[in-house]
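Engineer: Sequence and predicted structure, then a few things I'm wondering about:
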Amino acid sequence: MNNRLSICILLCLAILASGQAAAQGTYGTKVQAGDPDVGLPLSNFAAIPGPNPAATAQNTAYLSYWDIGSTPGLYDDQDVVYLQFGSGAGAARIVRANNIRMTGWGNYLAGSYVKPGDSDIGQQLLPWVPPGVNPTNFASFILTGFYYMNVAGGVGYDISDPVYIKAAALPITNTNDIRVTSNDGFQAGSRVSLNDPDSSKPLIAFYSIIPFAVAPAGGPTATAGGPIAQLSFFNANGNSQGPFSAIFDDGDVVYFDTNPVGIVSPNDIRLF
C-alpha cells in the first residue's frame, strides 16, 4: 500500500469515528473482500489506564446503559446502550468521550462515538446485568454479549450471518436484543420486538478472547472449529504507552474482529 493511499484511509477513518459516523452508513457493516480497509492493522485493548479520569484499564470492556426508560433499574426499549472501554465502575461508570452508542438517542445515531460536548456526557450508567447473571463471572457475561444467527447453515460464522447483542441469557433472539448488523429490513442498532420476523430465532455465541487477556477459571475456552472474535481498534493516530500498549482515544475506530484477528479482514464488523 503506497503512502498516499495509507494517508487517505487514515483520514477517512478518523472522519468516520466522529459523532456523525453512523449517518454515513458504516456502523454494523461487514467488511467485504476488496474494501479499502482490508489489511489495516488492528490493536488489542491494552491493560493500561484510559485517557478518562477514574478509568480502569482499557482492556476492561463494559456494556452499560443509561436508564431513561419506563422501568427504572431494568433495561428496556427506551434505554441507551453504550460500549465502553476502561470507563470505571460504580459512580465512575458514566458516559465518557469515545464511548460507542450501540443504540441511538435523540440526534445521535447508533454507532456514533461520544464527543466531549455531547448532551449525554456525564450521565450515570448501569451495568448490563440481566436477572440471574453474575457480573463477576466471565461465563455469565458472555451469555449477554455478542451472538450470531446461522442463517447460511454452514459451519461457524460467515458473511451472511447477522450479529446481535443479547439482553438476556437465552440462546434465542429475545425482546430488546440489539441488532449489531442489519437483518430482515431492520437497521443495525435497532432492537428486536416480540413480533419481528427475526424474533425467537436460535443464536450461537462468539467465544471472546479479547479484551479479557486471560479468561477466569470456569470461563469459556475456544474449541476446535469454534468461532473466535475479539474487540480490536485501528489506532489512527498511532499513539501508545510502549510496545503492545496502543491507546484507544479520539479518532480511533473499533471493529468486531473475527478470524484472522489483528488485521481488518472479510467478516469483521465495523463498530463506527
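Structural biologist: Yes, it's here. Remember, predicted model here, so these are calculated numbers, not experimental data.
Engineer: Residue 177 against residue 162, yeah?
Structural biologist: No: with contacts counted by C-beta atoms under 8 Å, residue 177 stays clear of residue 162, the gap being 10.9 Å. The way it works is simple: take the backbone N, C-alpha and C, and place the C-beta from them, glycine included.
Engineer: Could you pull up the residues touching residue 192?
Structural biologist: Neighbour list for residue 192: 164, 173, 174, 175, 176, 177, 178, 179, 198, 199 [criterion: C-beta atoms under 8 Å, 6 or more residues apart in numbering].
Engineer: Quick check: chain neighbours aside, which residue is closest to residue 125?
Structural biologist: Nearest non-adjacent residue to residue 125, counting by C-beta to C-beta, 6 or more residues apart in numbering: residue 64, 3.9 Å away.
Engineer: Which helix or strand contains that neighbour?
Structural biologist: According to DSSP states H and E, residue 64 maps onto strand 61-66.
Engineer: Skip ahead from that strand and say which helix or strand is next.
Structural biologist: Per DSSP H and E, strand 61-66 leads on to strand 80-85 as the next helix or strand towards the C-terminus.
Engineer: Which residues outside that following strand are in contact with it?
Structural biologist: The contact list for strand 80-85, computed with C-beta under 8 Å, 6+ apart, reads 45, 50, 58-66, 68, 75, 93, 95-96, 98-105, 114, 120, 125, 128, 165, 178, 211, 231, 248, 254, 271.
Engineer: With stretch 170-177 instead?
Structural biologist: The contact list for stretch 170-177 (C-beta under 8 Å, 6+ apart) reads 75-77, 147, 149, 164-168, 191-194, 198-205.
Engineer: Please repeat the previous calculation with a cut-off of 6 Å.
Structural biologist: Identification of contacts with stretch 170-177 by C-beta atoms under 6 Å, 6 or more residues apart in numbering yields 77, 164, 166-168, 191-192, 194, 198-203.
Engineer: Stretch 241-250 too?
Structural biologist: With contact meaning C-beta under 6 Å, 6+ apart, stretch 241-250 is reached by 43, 46, 48, 51, 58, 85, 233, 235, 239, 240.
Engineer: what about burial for the residues you listed, which qualify?
Structural biologist: Buried by 16 or more other C-beta atoms under 10 Å: 43, 46, 48, 51, 58, 85, 233, 235, out of those.
Engineer: Please read off the pLDDT at the third one from the model.
Structural biologist: The predicted structure scores residue 48 at 86 on the pLDDT scale.
Engineer: ok, the nearest residue to residue 111 once chain neighbours are set aside - contacts?
Structural biologist: What sits nearest to residue 111 in space, not counting adjacent residues and going by C-beta to C-beta, 6+ apart, is residue 27, at 2.4 Å. By C-beta under 6 Å, 6+ apart, the residues touching residue 27 are 110, 111, 188.
Engineer: Nearest to residue 34, out of the contacts of stretch 241-250: which one, please.
Structural biologist: Taking C-beta to C-beta as the measure, residue 34 sits nearest to residue 233 out of the contacts of stretch 241-250, at 22.2 Å.
Engineer: How is that closest one assigned, secondary-structure-wise?
Structural biologist: Residue 233 falls in the strand class when you classify it by DSSP: H, G, I helix; E, B strand; the rest coil.
Engineer: so it makes contact with residue 254?
Structural biologist: Yes: in this structure, residue 233 is within contact of residue 254 by C-beta atoms under 6 Å, at 4.8 Å.
Engineer: Distance check, residue 176 against residue 191.
Structural biologist: Counting by C-beta to C-beta, to the nearest Å, the gap from residue 176 to residue 191 is 5 Å.
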